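Novice: okay, predicted coordinates and the sequence, questions at the end:
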Amino acid sequence: MKKQFAVIGLGRFGSSITKALSREGFEVLAIDVNEEKVNQFASIATHAVVADATEENTLKSLGIRNFDHVVVAIGDNIQSSILTTLMLVEQGVNHITVKAQNDYHEKVLLKIGAHKVVHPERDMGIRIAHNIVSKNVLDYLELSDEYSIVELVAGMKVDGRSLIDLDLRAIYECNVMAIKRGEEVNVSPAPKDILYDGDIIIVIGADEDITRMEEELFPDS
Ligand code: ATP
């Protein structure tokens, strides 16, 4: 059976999650207190209901505990976001992902039992900052405070050189997870595999090592 999701709060973030999940063919229950927003999702989500998620009985009557994953995308109203999350935890929802407004909000959400907390604006800010700093950095994913995965465009400095020749693991302690060349993706490339100008490489490593490697081997041309 396909996974069933519920999204509470249909602001920009909640809307985008609801649309993406629906497009992927999942069953999505979209919930908002605002009737106008709910109406916009009538033909997108599997069900769209007007409800105040801070009301315990409302959540119960929607059978919220039967959903595989509930996303709380109530943004500005931190009190409602916390109260809703608490109720979902109390009702035993298996996976609860909540959008946090700030670090204090995140701390409280984790303390009361949210399984995952996301900060879309902050995370996107970090990703875009990396892209602005170097145009060879296409994307950036923070794994922890110290480690990241980056997508880099190979330039002339590495053109025609094999991974063993570049020795990224020994010199920068970075590992190449994949090389993309047009439509072709080489996952877990071999040491003898060669990089060409324009290839996209996906690398995992410590932030300071990645930065050093970027500066030395992938400078802006
Ligand atoms: P975004 O940046 O994603 O637009 P936001 O931070 O501006 O989000 P808000 O507009 O504050 O988010 O809230 C998102 C939605 O949550 C709104 O449509 C609002 O009506 C809805 N909402 C707020 N409180 C509740 C609640 N108690 N129950 C259900 N929906 C709620």
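Specialist: Received the coordinates, thanks.
Novice: find the nearest non-adjacent residue to A154, please.
Specialist: Leaving aside its chain neighbours, A154 sits nearest to D199 (4.2 Å; criterion: Cβ to Cβ, 6 or more residues apart in numbering). All C-beta atoms are positioned from the backbone trio N, CA, C, and that covers glycine.
Novice: likewise for D197?
Specialist: Nearest to D197 is D159, by Cβ to Cβ, 6+ apart, at 4.2 Å.
Novice: residues near that neighbour, how many?
Specialist: 13 (other Cβ atoms under 10 Å).
Novice: if we can go back for a sec, and the residue nearest to A154, what is it in contact with?
Specialist: With contacts defined as Cβ atoms under 8 Å, 6 or more residues apart in numbering, D199 is in contact with V153, A154, I179, K180, R181.
Novice: give me the buried subset of the residues you listed.
Specialist: V153, A154, I179, K180 (16 or more other Cβ atoms under 10 Å).
Novice: adding distance to the ligand and pLDDT, write the residues you listed out as a markdown table.
Specialist: Listed next are these as a markdown table, based on distance: Cβ to the nearest ligand atom, whole Å; pLDDT from 0 to 100:
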| residue | distance to the ligand | pLDDT |
| --- | --- | --- |
| V153 | 31 | 92 |
| A154 | 36 | 93 |
| I179 | 35 | 96 |
| K180 | 31 | 94 |
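Novice: return the subset of those residues lying in strands.
Specialist: Residues of the buried ones among the contacts of D199 located in strands (DSSP state E): V153, I179, K180.
Novice: A6 pairs with what?
Specialist: Beta-bridge partners of A6, counted by DSSP bridges, are L29, V70.
Novice: helix or strand: which one has V89?
Specialist: Using DSSP states H and E, V89 maps to helix 78-90.
Novice: how far does that helix sit from the chain's center?
Specialist: Offset of helix 78-90 from its chain centre (Cα atoms, centre = their mean, to the nearest Å): 22 Å.
Novice: do that helix and the ligand come into contact?
Specialist: Yes. Helix 78-90 lies within reach of the ligand by Cβ under 6 Å from any ligand atom, at S80.
Novice: contact partners of that helix?
Specialist: By Cβ under 8 Å, 6+ apart, helix 78-90 touches 8-9, 53-54, 56, 59, 64, 70, 72, 74-75, 96, 98-101, 105, 108-109, 112-114.
Novice: lowest average confidence, helix or strand, in the chain?
Specialist: Lowest on mean pLDDT, DSSP states H and E among the helices and strands of the chain sits helix 120-133, with a mean of 78.
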